[in-house]
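Chemist: pasting a predicted model and its sequence here:
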Amino acid sequence: MPEQPASFEIIPGDDASSVVLHVPHSSTHLPDDVRRGLRLNDSALAAELHAITDADTDVVADGAAMRAAVRPWIFVNRASRLVVDPERFPDDREEMNSVGMGAVYEKTTQLETLRTPTEEERRQLIERFYVPYSQAFAALVRRRLAAVGRVTIVDVHSFPVDALPYELHGDGARPEVCIGTDEFHTSAELSSAAVEAMRAAAPTGDVGLDSPFNGCYVPLEQHGKNPRVQAVMLEMRRDVVRDDAGGLSLAMATLVDVIDATLP
C-alpha cells in the first residue's frame, strides 16, 4: 500500500503547557477509497455526516488555545469518524460494538447499514488509520510527561439536542454542556473545575456530569495505570456551539488556565 498522508494533525502549544486538547470528531473528510466502501448514496451520506460530525469543535478548540494564558497543544483528527473512530476500543471492550459502531462503524446513527467489511478490510482500516493515530497521540502524551511531569487531556465533543437511535444511553439528561469523567483519570478537582468553567458558557448554566455521554480519552498505554495523566470530556450541545462558539472557547480557555496554574 502506498504511503498515506497523516489523517491527523498536532498543533504545537507552549513548551510549559500540560494540556492537550483532543478533537477527534470534527472532520467530514473521507478518502476516496474509504468512501467507495460505504453503502450510502451521496444524499444519505451527507445526512449521516451531518448527524455524526461534531461540527466546529475544532474551531472552539482553536479559539480556546488562542485565548489561554499558556497555549495548550491540540491533537485534531482530519478524517471523519466514519473512516475509523479513534476513541473506540479496538476490541471486545468496546460497548458500542453492540450497535455496530465500534472502531470501524458498520451501522449509521439510524442503525442502518453503513458498510459490511471483511475481516481483512477491517484490519486494513485499523492499521492504516487507527494505529498511527493512537501511536502519535500516545507519543505526544509521553513527550509532555517528560517535559512537564503531568498531562491533562481535554476531550472536545458536541452532541445533538435530541437523542439519535444509536445512543446507548440516550434516555438520560441532555444538558447544555456535559462533563464526561473517568473514575481513574478525572480527579474531583478537575471535574469541579470543568463544571465551573463551562457553566459560564451555558446559556442557562445547565451543566451536568456523564449524561448523555461519559468517559474521556486516554492512550491505552496509560489507561488505568498512570494518575499523572488526567482527562476530562467536554460535550457541548450543538445548539450551544451554533449560537456561541466564541463563548465556549473563552470558557474552555478558562479551564485550561486553571489546569495549568492550580491543578496538581
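Modeler: Thanks, I have the structure now.
Chemist: now do the longest helix seen in the chain, average pLDDT.
Modeler: For the chain, the longest helix by residue count, based on DSSP state H, is helix 238-262. Mean per-residue pLDDT for helix 238-262: 97.
Chemist: low-confidence stretches in the stretch 51-200 of the chain?
Modeler: Along the stretch 51-200 of the chain, segments meeting pLDDT under 70 are nowhere present.
Chemist: hey, where'd the helices end up in it?
Modeler: Ranges of helices within the stretch 51-200 of the chain are 57-67, 119-125, 131-148, 188-199, based on DSSP state H, counting those that start in this stretch.
Chemist: deepest of these, which one?
Modeler: Greatest average neighbour count among these goes to helix 57-67 (a mean of 21), per mean count of other C-beta atoms under 10 Å. (C-beta placed from N, C-alpha, C; glycine too.)
Chemist: ok, Val99 touching Gln110?
Modeler: No: counting by C-beta atoms under 8 Å, Val99 sits too far from Gln110 to count as a contact (10.9 Å).
Chemist: which residues are in contact with each of those two?
Modeler: Tyr166 (C-beta atoms under 8 Å, 6 or more residues apart in numbering).
Chemist: more neighbours: these two, which one.
Modeler: For Val99 versus Gln110, neighbours defined as other C-beta atoms under 10 Å are more numerous around Val99 (16 against 13).
Chemist: separation between that one and Arg228?
Modeler: 34 Å (C-beta to C-beta, to the nearest Å).
Chemist: please convert the helices of the stretch 51-200 of the chain to a markdown table, extending it with distance to Ala51.
Modeler: A markdown table is the format used below for the helices of the stretch 51-200 of the chain (distance: least, C-beta to C-beta, whole Å):
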| stretch | distance to Ala51 |
| --- | --- |
| helix 57-67 | 15 |
| helix 119-125 | 21 |
| helix 131-148 | 22 |
| helix 188-199 | 24 |
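Chemist: between the ones you listed, which gets nearest to Asp182?
Modeler: For Asp182, the closest of the helices of the stretch 51-200 of the chain is helix 188-199, at 9.8 Å, according to C-beta to C-beta.
Chemist: what's the first helix or strand after the closest one?
Modeler: With elements assigned by DSSP states H and E, the helix or strand that comes after helix 188-199 is strand 207-209.
Chemist: so which elements touch that following strand?
Modeler: When contacts are defined as 3 or more C-beta pairs under 8 Å, 6 or more residues apart in numbering; DSSP states H and E, strand 207-209 packs onto strand 177-180, helix 188-199.
Chemist: same list, these, but as JSON lines with distance to Leu248 please.
Modeler: Shown next, in JSON lines, are the helices and strands packed on strand 207-209 (distance: least, C-beta to C-beta, whole Å):
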{"stretch": "strand 177-180", "distance to Leu248": "8"}
{"stretch": "helix 188-199", "distance to Leu248": "8"}
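Chemist: the ones you listed: which one's closest to Pro90?
Modeler: So among the helices and strands packed on strand 207-209, strand 177-180 is nearest, using C-beta to C-beta, at 19.9 Å.
Chemist: list the neighbouring strands of the closest one plus their orientation.
Modeler: Applying DSSP bridges, strand 177-180 is found paired with strand 207-209 (parallel), strand 229-237 (antiparallel).
Chemist: before we move on, the earlier item: buried residues in the longest helix of the chain, which are they?
Modeler: Neighbour-count burial for helix 238-262 flags 238, 240-241, 244-245, 247-260 (criterion: 16 or more other C-beta atoms under 10 Å).
Chemist: can you check stretch 14-22 too?
Modeler: Buried residues in stretch 14-22 (16+ other C-beta under 10 Å): 14, 17-22.
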